[in-house]
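**Student:** how does the following fold in three dimensions:
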Amino acid sequence: MTASRTALLEAARRGAEAAAAAILKIYATPFEVRRKADQSPVTLADEEAERLIVAVLERAAPDIPIVAEEQVAASGLPATLAPRYWLVDPLDGTRGFVDRSDEFTVNIGLIENGWPVLGVVGVPTQHTTYAAAGPGTATRQRAGGKPEKIAARFAPANPIVLSSRLHGVSRRINAYLETVSGAVHRPMGSAVKFCLIAEGTADHYPRYGETCEWDTAAGQAILEAAGGSVTTLDGARLGYGKPAYRNPAFVARGRT
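**Tutor:** Residues are numbered from 1 along each chain as shown. Got it, this is the predicted structure:
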């Protein structure tokens, strides 16, 4: 019998917390950086975090396939698309990890019929875990504490606009900033940007550079549960199961 949504959320949370602990241990060492076929960096932390997450998810729900970034890099994308599957990025923001910027996360999302329905994002250096499994369920849990409810906000007079630190300030980001009255711009790395909007401490995240579905699924599930949105440039909700698991440009927002 398939595990309940609540049980799946707790499994994802356990996986993220185990991964975060492993990542921090490696972060404290002089780790090696290698290059994948696409020249993006990979470390022992990526691989160990993914191994731990996959083990937890497989024990909790052996019937749900897992699409995980490092497995895909090694073996390719799945031949078929399941109606329900996990998307795992064990270390989102590897470049931030390598640069020791502290801006990296653990992302675990569950997709059902093309939509993100559950998400967990761990922020190892902040000892914080964000999670959600449906409208009104978004929480933030700090080390030693209990999950606290979070909610996206309506944009204030000076909205916080987040953007990818890796991709820098582009012409398109500048154009977007011009459309937001009083905007305060803050570049940063990883899926934590979705979580800051979900908790009501930021308001916009336009993304024009390439992302994969495992980069966004968990954050989108949390942000939508908190009352925000993630839409393509034509205003459609960002969906999943696209060719090569690639996302088009999108904008994440708080309440509107």
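
**Student:** by contact count, what packs against the strand or helix carrying residue 129?
**Tutor:** Using DSSP states H and E, residue 129 falls within strand 128-132. Judged by 3 or more Cβ pairs under 8 Å, 6 or more residues apart in numbering; DSSP states H and E, the packing partners of strand 128-132 are helix 5-27, strand 115-123, strand 139-142, helix 192-198, helix 213-225. For the C-beta atoms, the positions are set from N, CA and C on the backbone; glycine is no exception.

**Student:** give the rounded mean pLDDT of that strand.
**Tutor:** When pLDDT is averaged over strand 128-132, the result is 98.

**Student:** which residues touch that strand?
**Tutor:** Contacts to strand 128-132, defined as Cβ atoms under 8 Å, 6 or more residues apart in numbering, come from residues 9, 12-13, 16-17, 20, 118-123, 137-143, 147, 150, 195, 198-199, 221-222, 224-226.

**Student:** thinking again about what came up before, same list, the helices and strands packed on strand 128-132, but as a markdown table with mean neighbour count and distance to residue 46 please.
**Tutor:** Below are the helices and strands packed on strand 128-132 laid out as a markdown table (neighbours: other Cβ atoms under 10 Å; distance: least, Cβ to Cβ, whole Å):
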| stretch | mean neighbour count | distance to residue 46 |
| --- | --- | --- |
| helix 5-27 | 21 | 9 |
| strand 115-123 | 27 | 14 |
| strand 139-142 | 18 | 23 |
| helix 192-198 | 28 | 17 |
| helix 213-225 | 29 | 12 |
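
**Student:** buried residues in stretch 180-195?
**Tutor:** 180, 183, 185, 187, 188, 189, 190, 191, 192, 193, 194, 195 (16 or more other Cβ atoms under 10 Å).

**Student:** kindly report the same for stretch 76-88.
**Tutor:** For stretch 76-88, by 16+ other Cβ under 10 Å, it's 85, 86, 87, 88.

**Student:** quick one: which helix or strand includes the first one?
**Tutor:** Using DSSP H and E, the element containing residue 85 is strand 84-92.

**Student:** for that strand, packing partners?
**Tutor:** So strand 84-92, by 3+ Cβ pairs under 8 Å, 6+ apart, packs with helix 5-27, helix 44-60, strand 66-68, helix 69-75, strand 105-112, helix 213-225.

**Student:** how about 6 Å then?
**Tutor:** In terms of contacts (3 or more Cβ pairs under 6 Å, 6 or more residues apart in numbering; DSSP states H and E), strand 84-92 is packed against helix 44-60, strand 66-68, strand 105-112, helix 213-225.

**Student:** and the angle for it with strand 105-112?
**Tutor:** 170 degrees (axes from the mean of the first three to the mean of the last three Cα atoms, to 10 degrees).

**Student:** and the next helix or strand past strand 84-92?
**Tutor:** helix 94-98.

**Student:** how about that following helix as PDB, C-alpha atoms only?
**Tutor:** Written as PDB, here are the backbone C-alpha positions of helix 94-98 (Å, rounded to 0.1, in the frame of the first residue of the first chain):
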ATOM      1  CA  THR A  94      27.100  23.100  -5.600                       C
ATOM      2  CA  ARG A  95      29.100  26.100  -6.800                       C
ATOM      3  CA  GLY A  96      28.100  28.000  -3.600                       C
ATOM      4  CA  PHE A  97      29.300  24.900  -1.600                       C
ATOM      5  CA  VAL A  98      32.600  24.900  -3.500                       C
END
